[in-house]
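J.: Just a sequence and a predicted model for now, questions to come.
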Amino acid sequence: MTAVACGFDGRMIIDGIRRDAVSGKRFEVRNPATDEAIASVASGGAEEANAAIDAAVRALPAWRERPAVERARLLLALSRRMLEERDRLARILTAEQGKPLGEARGEIEYAASFLEWSAEDARRLLGETVPASVPGKRILILARPVGVTAAITPWNFPAAMITRKLGPALAVGCTQVVKAAELTPLSALAIGELAIEVGFPPGVMNFVSGDPEQIAGAFFSHPEVRKVSFTGSTEVGKILMRQAADRVVRLSLELGGHAPLIVFDDADLDRAVAGAMGSKFRNAGQTCICANRLLVQRGIAEEFTRRLTEAVQALVVGPGDAEGVSIGPLIDDAAISKVEAHVADAQRRGARVLCGGARAHPKDARGRRLADRFFEPTVIEGAGPAMLCMREETFGPVAPVMTFDTEEQAIEIANGTPFGLAAYFFTRDASRIWRLSERLDFGVIGANDALPSAPQVPFGGVKQSGFGREGGPHGTREFVDLHYVSVGI
Ligand code: SIN
């Protein structure tokens with residue numbers, strides 16, 4: 001797929017105009033399944049980011065004053081256009097990111113749902129009145145857009161993580177500059193093209209691509225950017241926090257996870273296996289909230305692991321655009337090396353690989369070799385706390401199973417990490433659902449549910465998984481400043 005086949009030519013969108021980098025530089029976007037260059041995209045830096053921020057500054061007063069219902073109509077129009085273009089957008093997404101087409105279609109629907117939800121919420125940004133403490137006064141609380149905002153988005157969900165940030169920002173009257181991941185800028189540009197088509201005013205949303213450090217640097221040094229929303233690694237999140245400190249820029253950080261999925265002896269095993277499969281192997285395990293470690297109670301460990309292994313062996317590895325494929329490539333060479341290192345480390349420390357465990361070498365429809373980025377979906381038995389895969393995010397299709405004896409022990413193992421994004425557990429005991437929901441130190445908790453994402457929920461983590469929430473009314477509020485007005489009457 002070339003940029004032209006995507007329906008656009010890889011230029012940035014600044015102030016409603018397609019723009020090349022001032023330097024004329026471009027970078028290649030490669031298909032992770034084939035390693036072919038599929039597009040060349042403008043490689044901007046600080047100058048282009050500042051131009052985009054200036055455009056967002058100019059667009060802000062009129063957008064902020066526009067009635068919420070009109071902002072909502074535009075967001076809804078964009079959401080609908082994305083759904084009408086679902087298959088084309090999904091092909092772009094699969095070409096640049098690698099996930100199977102069915103998942104890519106699901107992501108476009110998910111992405112559109114954030115815009116739809118935000119459009120609905122735009123009309124419900126209510127202020128408050130509060131009783132004053134003395135006679136002759138009234139207190140009002142006004143909810144005001146924070147102003148110009150910026151979004152830095154990841155490669156694993158190139159469409160949904162953009163609309164999750166754009167939707168609420170634009171709904172409340174902020175403007176935004178988006179910097180998509182260098183590995184996957186095409187979905188962002190495709191969304192930007194549709195936004196122009198449905199009539200968003202110039203400058204309300206802008207898309208820049210290129211040098212991440214320069215662009216993020218501009219976000220934090222330009223005096224008018226009031227808020228930056230970032231999804232990505234904890235390591236980068238910490239750097240951004242330091243940069244934000246200089247101007248006290250408001251931040252939302254959705255960072256790394258290391259999700260436990262706990263299966264108790266009393267669980268519905270079919271449901272637990274299906275949950276583990278859906279969570280662990282979605283996007284080839286490259287999801288911040290995917291189950292990274294499976295904690296299984298001793299009484300059912302053998303049976304659970306047997307059923308899980310059977311299900312994993314039925315997964316089909318291949319390029320995302322091929323029929324029947326469930327596991328696509330990993331995003332780049334570093335990703336596959338990390339997965340390999342986690343498996344080797346587990347084996348060295350005494351774990352057994354029950355299936356998978358090595359690179360896979362699928363072919364394309366014409367029998368040609370693909371890029372060396374595929375990893376066999378893997379189940380590891382006998383995982384222990386010292387192993388890398390039990391200490392950090394693997395971000396690949398590897399399911400390490402560790403056994404435990406008591407509920408107390410499971411909670412302790414689950415919480416024994418600096419990360420706190422998502423946790424899952426399977427049990428039929430209603431009291432245990434309460435106990436674990438309160439004691440697991442994670443922002444997203446799935447009780448008998450390993451696919452908890454939805455536009456109306458406050459998605460986000462605790463501890464080193466970040467702060468701030470995306471989605472739902474809580475996500476909308478991240479783009480709002482409260483002004484309280486004390487009125488003497
Ligand atoms: C993520 O990986 O951060 C996003 C996952 C989701 O929204 O379900």
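T.: Great, that's in hand.
J.: show me the contacts for residue 406.
T.: Contact analysis of residue 406 by Cβ atoms under 8 Å, 6 or more residues apart in numbering lists nothing. C-beta here means a position set from N, CA and C on the backbone, and glycine is covered the same way.
J.: Next one: residue 77 from the ligand, what distance?
T.: Computed with Cβ to the nearest ligand atom, to the nearest Å, the distance linking residue 77 and the ligand is 23 Å.
J.: For the helix or strand hosting that residue, list every residue counted as buried.
T.: In this structure, residue 77 is located in helix 68-84 according to DSSP states H and E. Across helix 68-84, burial judged by 16 or more other Cβ atoms under 10 Å covers 68, 71, 72, 74, 75, 76, 77, 78, 79, 81, 82, 83.
J.: now, among those, which is nearest to residue 161?
T.: Nearest to residue 161 among the buried residues of helix 68-84, counting by Cβ to Cβ, is residue 82 at 14.1 Å.
J.: mind checking the SS state of the closest residue to residue 222 other than its chain neighbours?
T.: Leaving aside its sequence neighbours, residue 222 sits nearest to residue 53 (Cβ to Cβ, 6 or more residues apart in numbering; 4.6 Å). Secondary structure for residue 53, judged by DSSP: H, G, I helix; E, B strand; the rest coil, is helix.
J.: who's in contact with residue 53?
T.: 148, 150, 177, 218, 219, 222, 224, 225.
J.: now do 6 Å
T.: 177, 222, 225 (Cβ atoms under 6 Å, 6 or more residues apart in numbering).
J.: The ligand: which of those is nearest?
T.: Distance to the ligand, by Cβ to the nearest ligand atom, is smallest for residue 177 among the contacts of residue 53, at 20.7 Å.
J.: if we can go back for a sec, summarise which helices and strands the helix holding residue 77 is packed against.
T.: Judged by 3 or more Cβ pairs under 6 Å, 6 or more residues apart in numbering; DSSP states H and E, helix 68-84 is in contact with helix 101-122, helix 186-198.
J.: redo that, cut-off 8 Å
T.: The elements that helix 68-84 packs onto, with contact taken as 3 or more Cβ pairs under 8 Å, 6 or more residues apart in numbering; DSSP states H and E, are helix 101-122, helix 160-172, helix 186-198.
J.: Give me whichever of these is most buried.
T.: Across the helices and strands packed on helix 68-84, averaging neighbours per residue (mean count of other Cβ atoms under 10 Å) puts helix 160-172 on top, at a mean of 29.
J.: how big is the angle separating whichever helix or strand comes after it from helix 186-198?
T.: Per DSSP H and E, the first helix or strand lying C-terminal to helix 160-172 is strand 175-179. Per axes from the mean of the first three to the mean of the last three Cα atoms, to 10 degrees, the angle that strand 175-179 makes with helix 186-198 is 150 degrees.
J.: mean confidence score for stretch 30-40?
T.: Per-residue pLDDT over stretch 30-40 has a mean of 97.
J.: Number of residues surrounding the residue of the stretch 201-350 of the chain found nearest the ligand?
T.: Residue nearest to the ligand within the stretch 201-350 of the chain: residue 288 (3.4 Å; Cβ to the nearest ligand atom). The number of residues packed near residue 288 is 28, by other Cβ atoms under 10 Å.
J.: Next: the one 3 residues further on.
T.: With neighbours defined by other Cβ under 10 Å, the count for residue 291 comes to 29.
J.: my read: it touches residue 452, true?
T.: No - checked against Cβ atoms under 8 Å, the pair residue 291 and residue 452 is beyond contact range at 11.7 Å.
J.: Name the residue of the stretch 1-150 of the chain that lies nearest to the ligand.
T.: residue 110 (7.1 Å).
J.: can you pull the contacts of that residue?
T.: Taking Cβ under 8 Å, 6+ apart as the criterion, residue 110 is in contact with 157, 159, 160, 453, 455.
J.: rerun at 7 Å
T.: residue 160 (Cβ atoms under 7 Å, 6 or more residues apart in numbering).
J.: How about residue 233?
T.: The neighbours of residue 233, taking Cβ under 7 Å, 6+ apart as the test, are 255, 256.
J.: Ok, residue 443 next?
T.: Contacts for residue 443 (Cβ under 7 Å, 6+ apart) come out as 420, 421, 460, 461, 462, 465.
J.: Report the secondary structure state of the residue of the stretch 351-489 of the chain found nearest the ligand.
T.: Closest residue of the stretch 351-489 of the chain to the ligand, Cβ to the nearest ligand atom: residue 453 (3.3 Å). With three-state DSSP as the basis, residue 453 sits in coil.
J.: hmm, back to that, quick one, which of the helices and strands packed on helix 68-84 gets closest to residue 24.
T.: Per Cβ to Cβ, nearest to residue 24 of the helices and strands packed on helix 68-84: helix 186-198, 17.8 Å.
J.: From the contact counts, what lies against that closest one?
T.: Packing partners of helix 186-198 (3 or more Cβ pairs under 7 Å, 6 or more residues apart in numbering; DSSP states H and E): strand 12-14, helix 68-84, helix 86-97, strand 205-208.
J.: Residue 462 contacts residue 420, doesn't it?
T.: Yes - between residue 462 and residue 420 there is a contact under Cβ atoms under 7 Å: 3.9 Å.
J.: Can you check which residues contact both of those two?
T.: Counting by Cβ under 7 Å, 6+ apart, the common neighbours of residue 462 and residue 420 are 441, 442, 443.
J.: quick one: low-confidence parts of this structure?
T.: Across the chain, the ranges flagged by pLDDT under 70 are 1-7.
J.: Where do the domain boundaries of it fall?
T.: 3-255+466-488, 259-454 (automatic domain parsing).
J.: can you give me how far the first one is from the chain middle?
T.: The one in question is domain 3-255+466-488. Chain-centre distance of domain 3-255+466-488: 13 Å, with Cα atoms, centre = their mean, to the nearest Å.
J.: Repeat that for stretch 411-423.
T.: On Cα atoms, centre = their mean, the centre of stretch 411-423 falls 19 Å from the chain's centre.
J.: try stretch 338-354
T.: The chain centroid and the centroid of stretch 338-354 are separated by 27 Å, computed with Cα atoms, centre = their mean.
J.: got a list of contacts for it?
T.: 305, 309, 330, 357, 375, 378-384, 386-389, 394-396, 398, 400.
J.: Grab the CA positions of it and hand them over as PDB.
T.: Extracted C-alpha coordinates of stretch 338-354, given in PDB (Å, rounded to 0.1, in the frame of the first residue of the first chain):
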ATOM      1  CA  LYS A 338      12.500  -8.600  23.800                       C
ATOM      2  CA  VAL A 339       9.900 -11.300  23.600                       C
ATOM      3  CA  GLU A 340      12.700 -13.800  22.700                       C
ATOM      4  CA  ALA A 341      14.700 -12.700  25.700                       C
ATOM      5  CA  HIS A 342      11.800 -13.100  28.100                       C
ATOM      6  CA  VAL A 343      11.200 -16.700  26.900                       C
ATOM      7  CA  ALA A 344      14.900 -17.600  27.100                       C
ATOM      8  CA  ASP A 345      15.100 -16.100  30.600                       C
ATOM      9  CA  ALA A 346      12.100 -18.000  31.800                       C
ATOM     10  CA  GLN A 347      13.500 -21.300  30.400                       C
ATOM     11  CA  ARG A 348      16.900 -20.600  32.000                       C
ATOM     12  CA  ARG A 349      15.200 -20.100  35.300                       C
ATOM     13  CA  GLY A 350      13.400 -23.500  35.100                       C
ATOM     14  CA  ALA A 351      10.100 -22.700  33.300                       C
ATOM     15  CA  ARG A 352       8.800 -25.100  30.600                       C
ATOM     16  CA  VAL A 353       7.500 -24.000  27.200                       C
ATOM     17  CA  LEU A 354       4.300 -25.900  26.500                       C
END
